[in-house]
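Trainee: The following comprises the amino acid sequence and a computationally predicted model.
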Amino acid sequence: MSCINVIEKERNVVINPLKTCQPFGAMFAVTGINKGFPIVHGSQGCSSFVRYGFARHFREPSEIAVTSLHEDAAVFGGRKNLVAGIENLAVRFKPDLIGVITTCSSEIIGDDVYGFAETARENIRKTMGEDAQKIEVVPISTPSFVESHYKGYDNSINAIVNHLARKDEPNEKVNIIPGIVNPGDVRELKHLLSMMNLEGIFLTDISDPFDAPLRPSTVTTKPFYPKGGVSVDEIRDSANSLGTVSICKYAGSGALSLEKEHNVPAEIDSPPIGLQNTDQFLRNLKKFTGHDIPDDLLNERGMLVDSMADNAARYLFGRKVVIYGDPDLTTGIARFVGELGMEPAMVCTGVKGPEFAKDMDKIAKETGCNMDVMVGQDLRAVEVYLKENPADLMIGNSDGRLISLDLGIPLIRVGFPVYDRVGYQRQPIVGYRGGLYLMDLITNTILEKYYEPTHWKLQQ
Amino acid sequence: MPYKLLEVDKEIPERKNHVYVKHCSDPEDHIPNCNTKTIPGSMSERGCAFAGVKGVITGAIKDVIHVVHSPIGCTSYGYGTKRYPTSPDLPNGEKFPIENFNLKYILGTDLQESDVVFGGIKKLRQSIIEAHKEFPEANAIYTYSTCTVGLIGDDMDAIAKELTEELGKKVVAFNAPGFCGPSQSKGHHVGNLTLFENLVGTKEPPSTTPYDVNLIGEYNIDGDLWVIKEYLDEMGINLLSKFTGDCSHDEICWMHRAKLSLVRCQRSATYIADLIEEKYGVPYIKVDFFSTKYCSENLRTIGKYFGLEKEAEKVIEERMAKVGPELEFYKDKLQGKRVFIFSGGPKSYHLSKPLEEELGMETVAVASQFEHKDGYKKMKDRVNDGTIILDDPNSLEFEEIIEEYKPDLILAGVKEKYLAHKLGVPCILIHSYENGPYMGFEGFVNLAKDMYSYIYNPVWRMLEFEDEPTEYGVEKGLDKQLNCDGLKEDLESKDQNKQPDGEVA
C-alpha cells in the first residue's frame, strides 16, 4: 500500500527559505491591476527587495512605493508617513487603485492603517478634485510575522474583492484567482477560457504588467504604466459572474467572500497542471457556465495524451523526482510527474497548511508510490535529503541551482524565482499545452543527462 | 539658479534642493541636499539599513554563518544578494570546505506572532546554536537585527556575548533594523562600527611583511578584487586583510597590523579606516581603480608609499600594452555618446571623468541613492558645467531625466534597468555588473565592451514596425572583427571559483 511519510522539521532555524513574508503576495496581487499601485507601509527594504526580486525574475520594471518608515515613525507612529505617502503617490502617479500594504513594523507599531488610508483618501478627494474621485484606496493587512507570502496573496485578493465588488446585472463571466503564477500561465488560462468561449475576470492579472512589450511609441510615460492588468471596473463586476474558480487552494478567501456576499458560487481546486488537473479545471468551468468543452480543446488534450503515450514509458518511467516550492505548484507538478509514470519521491513546501499532506496522500495512492513529504520546510532540508536519497531530477526554483550543481542532479526550473535562465516566466506549465511544454522539458533534460550522446539508444 | 525643481516634482517641492545643475561660479558648498529622510510615496530607489549591512558589508565574507533575526521576508531577501564570489583559500593556507559558502546559505529565525508578543530571544538563541551545529566548519556567526527586532527590543548583543562563550565561537550582532537611518548607508556605518568594535585587534596575523595593506571597501563584485590583487601581488604588496571581498573572518581581526589601509568604496567603508587610524595609527589613503588613468595614478601612489615605484610602473606598462588598443577601438565607437550614471554612491564620481576622457563619452547626468556631502563634492568636481546631479532620484525623475537629457546609455541597478529599456534607452547594471569585473585595466575594457554592446545592440534600430524596409548604415553595426575572448579567457583562468552562470544582479 503506497503511502506518504511526513518528514518533520528537526530544527528551529530556517536555512534557505522556501517562502517569504506576506507583503510579497500583496505586492504581486496589486501589480496585476491596471494602473494599480502598491504602497508598502514599512521600511524601504520592504519594497526595494521585492522590486529587486520581481525585476530579477520577470526582467520587467516593478514599481512599488513605500512610506519609508524611519526611527521617528517607529517611536511616534507612521500616520504622517502613510497619509503623505498615499497623497504623494495619488497626485504624482494618478493611479486607479492604491493598495496599502502593511508590514511587520507597521503592524507592531499599531498604526490604524484603515483610518489613515481613509484620511488620505478624503484629503486627495478635496485637493485633487475630479481626477481623484475615482482613485480607490484599499488597505491590505499583511503582517509579516504571520504565515507566508501565500497568506498575503490571499488577504489581498480578499481585501480587493471586498472593497470593490458590487452586485449589478449578471455578466456571463467567470472569475479566476490564478495564484502566484507566471505571465505565461495566465495567458494559457485565458487561452483555455477563450476556447471554451468564455470571458474571464482575473483576480488579478499580472500577465501584461510582468511581460510587457517594448514599444516606446505607445508607452505611457511620466508615469510609466504597463498595459494590461485587470481593471478596477472588472473587479467591481466580479460580483456578477457565473462563478469563481480559485486554482490556488491557499488563496480561496476571495472566492468564498464573493460566494457569501454576492452568491457567486466558488470552486477552490488545484492548479491545472497536468492532464487530470486540467480536466478538472475545465469541468469546473463547465459546471458554472454550461459551456461544452469544444473539439479543438479536446484535440489539445489529445496531443498531450499522444506525447505521453509515445514518450513517457520509454524515457521517464520510474525516474525519481524531488519537487520543492510553493504548495499549489508542487501539488500540481507532483500529480503530473505521477501521470508521466515518474515517481514523485519527495515533495517539499515552505508553506504550512493542512491541505498539503492530504493532497500528497491522494497522489501517493494514485501513483502507487511511497512519497516523502516535507511541510513548512526549507531548501537546506531538501539538500540534506537528496544527499541521503539520490534522485534523478529536481524540479523547483533557481535557488536550488547550487544543490543541483553539487549533487549532479539536473534541475527543471519552475516557480519563483528563476533568474539564471531566460524565458521561463513566459512559458506556461498550466493547461494541456503547458503540460506538453513541461513534459518536453523534463524528457529532454533526462535525455541530455542520462543518455550517452553517441549511444544507439538515442536513435529513433 | 543651480537647484532645479523638476517638472514631475511640482507637488513635492522639497525635492528641489536635492537636484543641482552644476555651474562653475557657484559656491563650493552648492551640492544636492543629501542623506536626509526619504519622502514617503515618492518612488525612491533606496533600500534599508539591513540591506546596507548584510547586502553590502558582511555578505562577502566567506567563512561565517549569517543568521537573520526576522520574520521570514528579510531572510529570504538576504539570500542571493550581490555577486560576491569567494575563493576557498583561508589565510592559514587551509581551504574552507564549502565552496561559495557566503552565497549558498542564509539562516533566519522566522519570527512568528507569538515571538513578537513574548520576545524573540529564546528563538534567536536556539537558532544560533542550531546554526553552529549545522555548519561546524564556519569560523564565526553573524546575526542581524531587523525592523521587528528593533521594535520589540530583543537584546541581541547580550545573546551574542553569551553564546560566544558557550559555543567557543565568535558571535557578532549587527544592530541595523531596516528603519534606521535614511537609506542603506546607515547599515554600512553600523557594519563598520560593529566589526571594528568586536573584531579588530583581537587576533594576530600568521605572519607579516613590511608591505602589508588592508584593502577596505572592496567587495569583489564579479571578481573586481582579484583583478586588483593581481596588480598588488606583482608589485610585492601583501593584502593582509580585505574588507570584505573574498575575506575571511580572521582577516578583520588583524586589520590593525597593516602598514597602510587603502579605501576603495569611500562611502561604505571610510568609517573603519578612520577608526583603525585613530586607535592603531595605521594611515589610510583613498584609492580609485576604475579606468586606466585612475588605476595607474593610484598604483603609483601606493608604489611610492612603499618605495615600489618601479614595480608599479611595470604593472601599468604591461597592462596598458594589453588594453590600450582595445580601448582605442571602443573610444572610437563610444565617442559623443551621452551617459547617465545612477549608482548607489561612489561609482557616479569614479566613472564620470574616465568615461569622458578615456572613452570620449559625455556624462550628462549623475545620481546617487545614498551619497553624503563628501561624495557629492567629488561628484560635482568631476562633472562639466550643465551636468545635473540628483540625490535619491525617484522613478518619475528618472523618466524626466531620460526625456530631457536624452542619454544614449544609463548605468543603474536592476530596478531601473527594465524601466529604461521600456523607454527605449539601454541600461547596464552598475551595482553588480553585466559581464564584469569592471575594475582595473582589464575591467575597464569589460565595461567599455558592455557599454558598446548595449548601445550598438541591433535591436535599438528596429524598435518599431515600419511600413517600408529601412536601410541601416554598416558603421552603426556591431563590429564583429574585435575579439575580446583572449582577454576574457585570461581573466577566467585566474578566476578559479567562477560563479555558476547567470545570476543577474
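Mentor: Thanks, I have the structure now. Predicted model only: the values in this text are computed from it and were never measured.

Trainee: Neighbours of the residue of the stretch 351-460 of chain A found nearest chain B, how many?
Mentor: At 3.4 Å from chain B, A:Asp420 is the closest residue in the stretch 351-460 of chain A, using CB to the nearest CB. All C-beta atoms are positioned from the backbone trio N, CA, C, and that covers glycine. Number of residues near A:Asp420 (other CB atoms under 10 Å in any protein chain shown) recorded here: 20.

Trainee: Return the helix or strand in chain A with minimum mean pLDDT.
Mentor: Within chain A, confidence by mean pLDDT, DSSP states H and E is lowest for helix A:71-76 among all helices and strands, at a mean of 90.

Trainee: picking that back up, please tell me how far the residue of the stretch 351-460 of chain A closest to chain B sits from B:Ser42.
Mentor: Distance of A:Asp420 to B:Ser42, given as CB to CB, to the nearest Å: 33 Å.

Trainee: Pull the least confident helix or strand of chain A out as CSV, backbone CA atoms only.
Mentor: In CSV, the C-alpha atoms belonging to helix A:71-76 read as follows (Å, rounded to 0.1, in the frame of the first residue of the first chain):
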residue,chain,number,x,y,z
GLU,A,71,13.2,56.0,13.5
ASP,A,72,10.7,58.8,14.2
ALA,A,73,7.8,56.8,12.8
ALA,A,74,8.9,53.8,14.9
VAL,A,75,8.6,56.0,18.0
PHE,A,76,5.7,58.3,17.2
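
Trainee: So what touches it?
Mentor: With contact meaning CB atoms under 8 Å, 6 or more residues apart in numbering or on different chains, helix A:71-76 is reached by A:67, A:80-81, A:105, A:109, B:147, B:150-151, B:179-181.

Trainee: Secondary structure element holding the nearest residue to B:Glu309 once chain neighbours are set aside?
Mentor: Among residues not flanking B:Glu309 along the chain, B:Gly303 sits closest, at 4.6 Å (CB to CB, 6 or more residues apart in numbering or on different chains). Using DSSP states H and E, B:Gly303 sits in helix B:292-306.

Trainee: Run through the neighbouring helices and strands of that helix.
Mentor: helix B:224-235, strand B:260-263, strand B:284-286, helix B:309-334, helix B:347-357, helix B:440-455 (3 or more CB pairs under 8 Å, 6 or more residues apart in numbering or on different chains; DSSP states H and E).

Trainee: now the fifth one against helix B:309-334, angle please.
Mentor: Helix B:347-357 and helix B:309-334 meet at an angle of 70 degrees, taking axes from the mean of the first three to the mean of the last three CA atoms, to 10 degrees as the criterion.

Trainee: between the helix or strand following helix B:347-357 and helix B:309-334, how big is the angle?
Mentor: Sequence order places strand B:362-368 as the next helix or strand after helix B:347-357, per DSSP H and E. Computed with the same axes, to 10 degrees, the direction of strand B:362-368 lies at 110 degrees from that of helix B:309-334.

Trainee: Could you list the paired strands of strand B:362-368 along with their orientation?
Mentor: According to DSSP bridges, strand B:362-368 has the following sheet partners: strand B:338-343 (parallel), strand B:388-391 (parallel).

Trainee: which residues sit against that strand?
Mentor: In contact with strand B:362-368 (CB under 8 Å, 6+ apart) are residues B:34, B:336-345, B:348-349, B:351-353, B:355-356, B:375-376, B:379, B:383-384, B:387-393, B:401, B:405-407.

Trainee: How far off centre is that strand?
Mentor: 18 Å (CA atoms, centre = their mean, to the nearest Å).

Trainee: Now do the phi/psi pair for B:Gly217.
Mentor: The phi/psi pair for B:Gly217 (degrees, to the nearest 10) reads phi 70, psi 30.

Trainee: OK, contacts around it?
Mentor: Here B:Gly217 is in contact with B:243, B:263-270, B:273 (criterion: CB under 8 Å, 6+ apart).

Trainee: before we move on, what about B:His69?
Mentor: B:108-109, B:111, B:120, B:124, B:127, B:143-146, B:149, B:154, B:156.

Trainee: Those also near chain A: which ones?
Mentor: Restricting the contacts of B:His69 to those touching chain A (CB under 8 Å from any CB of the partner chain) yields B:108-109, B:111, B:127, B:146.

Trainee: Mind checking which of those residues are in helices?
Mentor: Among those, the members found in helices (DSSP state H) are B:Ser127.

Trainee: From what I see, B:Asn33 and B:Asp391 are in contact.
Mentor: Yes: look at B:Asn33 against B:Asp391 with CB atoms under 8 Å: they come within range, at 6.4 Å.

Trainee: With neighbour numbers in mind, choose between the two.
Mentor: Using other CB under 10 Å, the more surrounded residue of B:Asn33 and B:Asp391 is B:Asp391, with 24 against 17.

Trainee: My guess is that one contacts B:Ser44. True?
Mentor: No: between B:Asp391 and B:Ser44 there is no contact under CB under 8 Å: 10.3 Å.
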